[in-house]
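1. Test case, fold it:
(chains A and B)
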Number of protein chains: 2
Amino acid sequence: MPKFFITALLLLFFVGFSQAQELKSPNGKFSMRFSLQGKGVPTYALTYKGKQVITPSKLGFELKTKDAAAASGGSDANMDQKAVNQQASLHDNFTVAETKTSSVKESWNPVWGEVKTIQNHYNELAVTLNQKGTDRKMVVRFRLYDDGLGFRYEFPTQKNLTYFVIKEERTQFGMAGDHTAYWIAGDYDTQEYDYTTSKLSEIRGIMSKAVTNNLSQTTFSPTGVQTSLMMKSNDGLYINLHEAALIDYPVMHLNLDDKNMVFESWLTPDAIGDKGYMQAPRSTPWRTVIVSDDARDILASKMTYNLNEPSKIKDTSWIKPVKYVGVWWEMITGKSTWSYTNDYPTVQIGITDFSKAKPNGTHGANTANVKRYIDFAAKHGFDGVLVEGWNVGWEDWFGNSKDFVFDFVTPYPDFDVKGIAEYAKSKGVKMIMHHETSSSVRNYERHMDKAYQFMKDNGYDAVKSGYVGDILPRGENHYSQWIVNHYQHALEKAAEYKIMVNAHEAVRPTGVARTWPNLIGNESARGTEYQSFGGSKPNHVTLIPFTRLLGGPMDYTPGIFEMDLSKLNPDNKSHVNSTLANQLALYLTLYSPLQMAADLPENYDRFPDAFQFIKDVAVDWDDSKYLEAEPGEYITVARKAKGTGQWFLGSVGGNEARTSNIRLDFLDKGKKYVATIYADAKDAHYKTNPQAYTIRKVNVTNKSKLSQFVAPGGGYAISFVEAPGK
Amino acid sequence: MPKFFITALLLLFFVGFSQAQELKSPNGKFSMRFSLQGKGVPTYALTYKGKQVITPSKLGFELKTKDAAAASGGSDANMDQKAVNQQASLHDNFTVAETKTSSVKESWNPVWGEVKTIQNHYNELAVTLNQKGTDRKMVVRFRLYDDGLGFRYEFPTQKNLTYFVIKEERTQFGMAGDHTAYWIAGDYDTQEYDYTTSKLSEIRGIMSKAVTNNLSQTTFSPTGVQTSLMMKSNDGLYINLHEAALIDYPVMHLNLDDKNMVFESWLTPDAIGDKGYMQAPRSTPWRTVIVSDDARDILASKMTYNLNEPSKIKDTSWIKPVKYVGVWWEMITGKSTWSYTNDYPTVQIGITDFSKAKPNGTHGANTANVKRYIDFAAKHGFDGVLVEGWNVGWEDWFGNSKDFVFDFVTPYPDFDVKGIAEYAKSKGVKMIMHHETSSSVRNYERHMDKAYQFMKDNGYDAVKSGYVGDILPRGENHYSQWIVNHYQHALEKAAEYKIMVNAHEAVRPTGVARTWPNLIGNESARGTEYQSFGGSKPNHVTLIPFTRLLGGPMDYTPGIFEMDLSKLNPDNKSHVNSTLANQLALYLTLYSPLQMAADLPENYDRFPDAFQFIKDVAVDWDDSKYLEAEPGEYITVARKAKGTGQWFLGSVGGNEARTSNIRLDFLDKGKKYVATIYADAKDAHYKTNPQAYTIRKVNVTNKSKLSQFVAPGGGYAISFVEAPGK
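-> Sure thing, here's the model as predicted:
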C-alpha cells in the first residue's frame, strides 16, 4: 500500500474521532470546544470574546499500573507490556458515548459573605467517554459561566474501573501567549511565599530566588507554580487558574512547559509518590478558569463557590462573623513567648510537672494579660479574644517530629481557664481557642473530641488551628490527599460540636466554605506574621485578593499600627511594609468574616482616631462593589454592611504612589452621607513614614467623585454615615 | 617517629579504654562482660556455663545527621563533614562515666498465665557512657537472669541529646558457631511465614523459598530474619534472641553477617526510611538472649515478661480468660462469606443501602446462624462466641487502600445486634466483637471511641482486631514505630473501656501483656487459618512455643477435627496437616488465656468423645511443667488449672512418629488420678489418617510413667481427675 494512502486513511480516522462539542456561556462571551484529537485524546479549548484563553489542551490521567491491572481483575505477571500501558492510560483511546447539555439559573444566600445573594448561572456539557480496549467510562463535565469555565472528571459506577490509583492527572491549560503571571512557587508544604510578577518565560530563571526559607517546604519543579494562579495577557485578558471543591483529593499544582506555554496539572504526592486513591463513583475537584478583560470581575467572581455543594450544615445560626483581638502579635514579634518556662531541654505532656517549673517571665498567655485583652475587647466592641500559648507543650513544640506534642486541654499554671471563661462572659466577650498541632495530625485527631468538648465546656465556639512544620506521619505532605482529608475531617467534626474553624497552614481554600460554612477563615498564604519575619512586598495585599482569596476568606490579621517592630522587641529588626492607612483599608480589600485587630492594645491607644475605623468597620456584607483593580497595583472596593446598610470603602496601593479616582455611585440614591476618609498623608511612605495619615470628613452623595492620593504601600479607608435629617 | 612506636601508643590507648565490667547471673551460670573496645566502642559478650553464647559484640546507634545536627543547635550548612560524622555516630568515642550494679529478687502474680507466681530475679549492671566531642550520654542497662540476658539503651535528660532520629540501631549479637536456626524471613509487614530449619550459613540460599506469598509483605535482606529467633548450637546450647517491652519503637529484625555469624539489629523503617523518633528521656525496648542447655527452660522462661513494667491497669477484675467458638472457620474455608451481597462492584459506608441489596445467600454472620453458635456454646460450656463479617463493608474490604473501609458499628441487615445480644445474655454466653481494620489505621482510630462504646452498649467485652493488607497511610509498615504506637494506643484505649484485646496481624508481642493484661491474645504468627490456605508444616506447632509465644499468648485457633476441607467447601483443596489428637494437645502446648474451638459445631458433633477434652480443658493455670521439648520435634507440658487443681497434659510431635516417655511426677503426691488419654491411633497420620484416635482411661499417681505413641503430625492430650474416695 503506497504511503500517501495510509496518510489519507489516518486523516479519515482522526476526523472520525473529532466529534467536537461546543458550549457557550449564558452571555455568549465564552465559548468552549470539546473534541477528541488524534487517537481519541479528550481535548478542550476556551475563548473569551473571540480571544483564545485556553489553546486546545488535553485531558486525562495516568494511572498506577499495578492497581489498574488489579482493578480489571488481571495481574501484572499475566499482562504483557501493551496491556499494562493500556491500563495505565486514562488519556487516550476514548470515544464519545454520550453528551448531555443543560442550563442552570438559580441563586443562593451564603451564611456570610461579600454579597447577600449569589447567582449561579451556567450552561453545562457532560461528555461521557468510553475507552476502547478497557471498556472504562469517564465523564468530563463542563460548566460555562459568564465569569469563566469549570470542569471536572467523574468516574461513574462501573465494572472495569472501581478502585484505582492516580499516578498523575494530565489536565492541560494551554496559554495563548507569554503572559504576565503573579505567582508563587509550587510547593507541597507551604503557600506562604511572597508573590513574584514575571513573564511565564521568566519563571524558570527566577524560581530559585522566589523560593525563600520556610519551616516546612518541598518544591518540585523549576517551572512549578501554585493555584490560584493569576495572569494577564498582552491583549488585556485577566486569567485565573484554580480549583474548586477540593475534598479527599490532592492539591493541584501547575507545571509549566515553558517552550509551549502549556500548564499541566501536578498533584501533590503521598509518602510513596502516589497522587490519588480513588473509588468509583467519584468526581475530582473542579478545575477553574476565571477570565475577564476587566480585573474587577476576577475579584467579584463567585464561580468557585458556585462549583461547591450547598451547605451540609442545616442549622447555621451558630455561625457568626467575628472581629477579634488576641494574645498573638506580641509573641510573633518576640515581645513575649508562647512557652512558660526555660527550665527543660524537652517536655513531655502528662509527665512534665509545669507547676514545679520556674516561669520564664515572658509567657504571654498569663491570666492578667489575657484579662487586659478582654477588657480592651469589651471596651472597644470586639466580639472575641484569641489566646495562643495557653496550653502546655510550647517549650519544644516545633521541628522535632514530636508525636504527642500537645493535648489541647491542659493549661499552663498561669492560665486560669475557668476564671478567664467567667471573666470573658461577664464582659460579653467570646474566647477564641487555639489548637496548634505542630502538624502532628494523628495526635490532633486522637485528642479532637476531648479538645472540642473542652472548648464547649468553657464557652469557646471558634478555634484557630495551626499546622506549622513538617507533617507527621513522615513522608506525607501538607497538601497530599491524606492530609487534605484530615483538614476536612477536623472541619466536619467541629461542625458536630457547632465550632467555627480558622485553620492556619492548612490547604488553601477552594470554596468548601459554601458546603461547610463553619470554615470562617484560613491562613494558607503569606499573612501579616511575615511582616515580623523580614517583611512582605508592599504590593502583596494587591495580589492576595486575585489569588488566595478566590477560594475563601483569609485570616490575614491586619491592623498593625506600629511598623517599627524594634519598638516592641529590640531584637526584632523587621519592618511592616505598609502605611497605617493601608492597614485600615485591608478590612475592606481582604474580605473575611473573621477579622483581627492584630496589634497590641497599647499601640491602638496611641492612635484612637485611626483605631475608630477598625472599631466601626463591619465584617459581614449585603453587597460589594469593586471600583478599581489591577493585580500588583491597586484594589478599591466598597461594601454595604449586612443589615445596617452602612457603606464602607477600602483602597490599597502597590509599590508606587498613585491617585485613586472613583465615583461614589454605589451609594444609595438620594441619600446624603458624611464620609470619614482615613488616608495617607502626602509624605507618607510604607518604609520611611508609615504612620503619617490624615482623617477628614466630607459630605457626599452617590453623584460624588473622589480623587485620593495613595502613598507607596499605602491606601485609604472610608466609612459612610447617612447624614442626619437627610 | 618510627612506626612501631605508633603501634605501641595505639595499644596503650586501646587498653586505656578497655574498662571491662563483669556481671554474673544469680546462679553464676551466666557471665556477661562489658568493655569499651578500639576507639571507645561499647561491647558486650556472654557465656553460659563457660560456653560462649555471644562473642564480643558492638552496641550503639547511627543517627540521622540532620537531626543530630539540629539537636545540638547546629545546621548542616555550618557543619563540616567531620562534625557531621561525629553527630551521626552514637557507637564510638565513648568513655565510661559511671557504673552501677544492683540485684533484685522479687515475685509477682500475673492476672492470667502459665503459673500463679513469677520470680523476677536478676543482677544488674548499668553503664553510663559519655561520648567525647559531643558530650552525649547513653546508659546501657544489663539484667542477667538465670535464664538469660536482657539489656537496653537509655537516654537520660541532657542538653546535647534531646530529640534525635535513629538511622539504624547497631546492636550486634555475635554467634559462636554456625548454629541450627528455626527462622522465618525478616519482613516489615508479615510474621506469618512457615518456619525453616537450617544452618545459619544456609539462610541466604534458602531465603527465596522461605518467602511465600502474603497479603502484605516487605522483605529487606537475604539474611534478614525475625525475632524471636530460636537457635541450637552444635555443642547443645539453645539460644533465643528477641526483645521485650516494645513500646513506641520499631520492631527489631536481625540481619546476619553470614561470613562472621554476627547478627545486627535491623529496625523497621517508616515511609521515609527513618527508624526511630526519640525524645530524651527515653529507653529502647530490651534486647533479650535466653539460653539453656535444656530446651524446656526456654519454654518456661519468664524473662520477657519480667523485663516489662507491672500492670498499669489497677482493677483487673474484668480481665478473664476465655474459651470460645465462632462464626469464622466457615468463612476461612470458603463455606460461607464475610460479605452480604454480590450486587455491587464497590460499596461505600454510609451511602450504600444494604437493606436494598440482594443477599448473596452465603453470609455467615446471619442471626439464625449466630444463634446456632450461641446455642452450641451454651450447651457445651463455652464462654464466648466470636462473629466475623457482622458489619457492613466486607464486599470490597481488602486490597484497595480504602480509607473509610468500615465503621465498626453498622450491622448487615441480617445481623440483629440487639436481638443477638439479648439471646446471648439469656444463654449466659458473651459475644466477642470483631474489628477488622483492613490496616486502615487512621480510620480505626477515628471510629475507635464509638466502636468501643458500641461494644459496651451491647454487652461485648472482648474484641478481635485485624490488620490485613498494606498499611494506610501508604509507606508505613505493620512494624514501624508509627504503627506499633497505634496498636498500643488501641490497647490502652480499650483498657479505658474495660475491653480485652486480641489483635491479629499486629506486632508480635514482647511481654507487654504484663503491663496491659487486657492484651489477652495476638495472632502475629502463622495460625490455623493457613491450614485452609495450603497448609502449614506438621512440626509448625513445635516451633511456635519456642519463638512467637515467648512474647505472649497466641490466638492460634486450634481444635480442627475435619482435616479434609473439601468436605466443608468442595473448592477448597487444602488439608489440615495435623492429627485430631494433635489438635487437642494444642490447648496445652500453645499456652493462651484465650482459646478457640475453631471447627464447626457439626464437626464437633461427629466426635463427641474427643470434643469432651476441649470442653474440659482449662484456660488459666496455677502451674506448668515442661516435660519434654525439642524445637521442631516435640513439646510435652503438664499444667495445673487455676483454682481447681486439676492437671492436664498435652504433647505434640513433629514430622515423624515418635514415642513420648514421661514421668507423671508433677501430680500431687499421694493422690490417685484417673487419666483420660486422647491419643493418636497406631495408624494415625496427619496426612492420610488424621482422625484415627483412641481414648483410654488409666489409673495413675505421681509415681507413674507413661510411654505414648505419637503419630507424624500427631500428639496426645490427657485430663487427670482425682480418683473418687482417694
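
2. count of neighbours near the residue of the stretch 301-450 of chain A found nearest chain B?
-> Closest approach of the stretch 301-450 of chain A to chain B (Cβ to the nearest Cβ) occurs at residue A:400, with a separation of 4.0 Å. C-betas here are computed from N, CA, C, even on glycine. Residue A:400: 23 surrounding residues under other Cβ atoms under 10 Å in any protein chain shown.

3. Next up, phi/psi of the residue nearest to it when sequence neighbours are not counted, please.
-> Nearest residue to residue A:400, sequence neighbours excluded (Cβ to Cβ, 6 or more residues apart in numbering or on different chains): residue B:163, at 4.0 Å. Per-residue torsions, residue B:163: phi -100, psi 140 (degrees, to the nearest 10).

4. Hmm, residue B:163 is touching residue A:401, no?
-> Yes: the criterion here is Cβ atoms under 8 Å, and residue B:163 meets it with residue A:401 at 7.4 Å.

5. ok, so what distance separates residue A:517 from residue B:134?
-> Here residue A:517 is placed at a distance of 54 Å from residue B:134 (Cβ to Cβ, to the nearest Å).

6. who touches residue A:365 in this structure?
-> Neighbour list for residue A:365: A:327, A:338, A:387, A:388, A:389, A:390, A:412, A:414, A:415 [criterion: Cβ atoms under 8 Å, 6 or more residues apart in numbering or on different chains].

7. Filter these down to the buried ones.
-> Among these, those classed as buried by neighbour count (16 or more other Cβ atoms under 10 Å in any protein chain shown) are A:327, A:338, A:387, A:388, A:389, A:390, A:412, A:414, A:415.

8. Would you confirm that residue A:619 contacts residue A:323?
-> Yes: at 5.2 Å, residue A:619 and residue A:323 qualify as touching, with contact defined as Cβ under 8 Å.

9. what is in contact with these two at once?
-> Going by Cβ under 8 Å, 6+ apart, residues that sit against residue A:619 and also against residue A:323 are residue A:595.

10. what's the spacing between the helix or strand where residue A:296 lies and its chain's center?
-> Following DSSP states H and E, one finds residue A:296 within helix A:295-300. Computed by Cα atoms, centre = their mean, to the nearest Å, the chain-centroid distance of helix A:295-300 equals 16 Å.

11. Spell out the secondary structure type for whichever residue of the stretch 201-350 of chain A sits closest to chain B.
-> Chain B sits closest to residue A:271 of the stretch 201-350 of chain A, with a gap of 3.3 Å, by Cβ to the nearest Cβ. Assigned with DSSP: H, G, I helix; E, B strand; the rest coil, residue A:271 falls in the coil class.

12. give me the number of residues near it?
-> Around residue A:271 there are 20 residues (other Cβ under 10 Å).

13. so what's it closest to, chain neighbours aside?
-> Using Cβ to Cβ, 6+ apart, the nearest residue to residue A:271 is residue A:475, at 2.8 Å.

14. Now do that neighbour against residue B:473, distance only.
-> Separation of residue A:475 from residue B:473 (Cβ to Cβ) stands at 8 Å.
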